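1. Compute the structure for the input listed below.
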Amino acid sequence: MIKPLRKAVLPVAGLGTRFLPATKALAKEMLPVVDKPLIQYAVEEALAAGIEEFCMITGRGKTALVEHFDIAFELEATLHQRGKHEEVAELRRTTSLPPGAIASVRQQQPLGLGHAIWCARAFIGNDPFAILLPDDLVLSETPCMAQLAEAYRATGGNVVAVEEVPREHTSRYGILKIAQKRGDLIEVAGLVEKPSPNQAPSNYAIIGRYILLPEVLDHLAHFEVGAGGEVQLTDAMAKMIGKAPFHGLRFKGQRFDCGNKAGFLEAQIAFALQRKDLASDVKRFLRKYLEAHCDNHD
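-> This is a model prediction of the structure:
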């Protein structure tokens, strides 16, 4: 029997050094894309996949991530008094989770993604669980995690979101060794963490969306050090291949790497263009700046 997917882990303990000084006192996952922080996009995506419980793996100075989903009584009261009812409704969309739906644990040392997931072992228990890395933002008609959840229900095993990347970029990702393809579903024969282009078994890269069986915790508990001197989640996942179904899903949608400045800026534009209240203004000022840039470089 396939257990229902009800839990999600969100590793958010990183320092956000690529966005300094903005992240000196602000968690990078609180950086907004248009008018909503990255962490909220991740939680909403998980909710759309039927997930009900969340565990944030945090570090020092990250309390705002949990507080964002709390009720702001004073702010709501002030907005009510000023007749700003639409703003109140928007605020309440961030607090629609039932009490107790969000937990947090500390990753006290930056020992890698695998170690961060292991820190959530009590929350995960013996249940399948999703992992969402808020740095990866996906624009799609059907939320990316909902696509993975459907694949999980069909296969009953581990499922990771994958996309093709330029071969020269394989050293940035966990890469799939492919057994066979069935449409958008790829049966995985092996995984390699950050291989050089000439050693990569394919150019199918894992992005920040996973559904894993709890047995991965048994492998993470050994704290084996991998690429970059860290405990790598990819290494632990590789040890599960052959013991349970393991697939990659070529999801439908566009992924933005909001962990770097160019990807973050591109996401701002792409998501703004999806907004009826902003699209025309965005198109107008894009044309203005592009024309000015082209004129200055003639």
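
2. where exactly do the strands run in the protein?
-> Applying DSSP state E to the chain gives strands spanning 7-11, 32-33, 36-37, 53-58, 102-106, 129-132, 136-139, 158-164, 174-182, 185-193, 204-212, 246-250, 254-257.

3. What residues of the first one count as buried?
-> Buried positions in strand 7-11, judged by neighbour count with 16 or more other C-beta atoms under 10 Å: 7-11. Heads up, the C-betas are built off the backbone N, CA and C, glycines and all.

4. thinking again about what came up before, rebuild the strands of the chain as a markdown table, extending it with mean pLDDT.
-> Shown next, in a markdown table, are the strands of the chain (pLDDT from 0 to 100):
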| stretch | mean pLDDT |
| --- | --- |
| strand 7-11 | 97 |
| strand 32-33 | 95 |
| strand 36-37 | 94 |
| strand 53-58 | 94 |
| strand 102-106 | 92 |
| strand 129-132 | 97 |
| strand 136-139 | 96 |
| strand 158-164 | 96 |
| strand 174-182 | 92 |
| strand 185-193 | 92 |
| strand 204-212 | 95 |
| strand 246-250 | 96 |
| strand 254-257 | 96 |
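
5. circling back to that earlier point, between the buried residues of strand 7-11, which is nearest residue 217?
-> Minimum distance to residue 217 across the buried residues of strand 7-11 is 10.9 Å, recorded for residue 9 (C-beta to C-beta).

6. I'd assumed residue 122 was in contact with the closest one.
-> No - Residue 9 is not in contact with residue 122 according to C-beta atoms under 8 Å; the separation is 11.5 Å.

7. hmm, back to that, with respect to residue 284, which of the strands of the chain lies nearest?
-> Proximity to residue 284 (C-beta to C-beta) singles out strand 32-33 among these, at 20.1 Å.

8. From the rest of the structure, what touches the closest one?
-> Under the contact criterion C-beta atoms under 8 Å, 6 or more residues apart in numbering, strand 32-33 has outside partners 38, 41, 137, 258, 264, 267-268, 271.

9. From those, pick the one nearest residue 98.
-> Of all the contacts of strand 32-33, residue 98 sits closest to residue 41, with 20.0 Å by C-beta to C-beta.

10. correct me, but the closest one touches residue 137?
-> Yes - the criterion here is C-beta under 8 Å, and residue 41 meets it with residue 137 at 5.8 Å.

11. Between those two, point out the one with more neighbours.
-> Comparing residue 41 with residue 137 by neighbour count (other C-beta atoms under 10 Å), the higher total belongs to residue 137, at 26 against 23.

12. For the more buried one, give the beta-bridge partners.
-> residue 256 (DSSP bridges).

13. ok, now residue 244?
-> residue 241.

14. Low-confidence bits of this structure, can you list those?
-> Residues of the chain that meet the criterion pLDDT under 70 lie in 95, 295-298.

15. What are the boundaries of the helices in it?
-> Along the chain, counting by DSSP state H, helices occupy 38-48, 63-67, 73-81, 85-93, 113-118, 121-124, 144-155, 216-220, 233-238, 261-273, 279-296.

16. How about the contacts made by residue 57?
-> 9-13, 104-107, 116-117, 119-120.

17. and these as TSV, adding distance to residue 56?
-> What follows is the contacts of residue 57, written out as TSV (distance: C-beta to C-beta, whole Å):
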residue	distance to residue 56
9	8
10	5
11	8
12	5
13	9
104	4
105	8
106	10
107	10
116	10
117	12
119	11
120	9
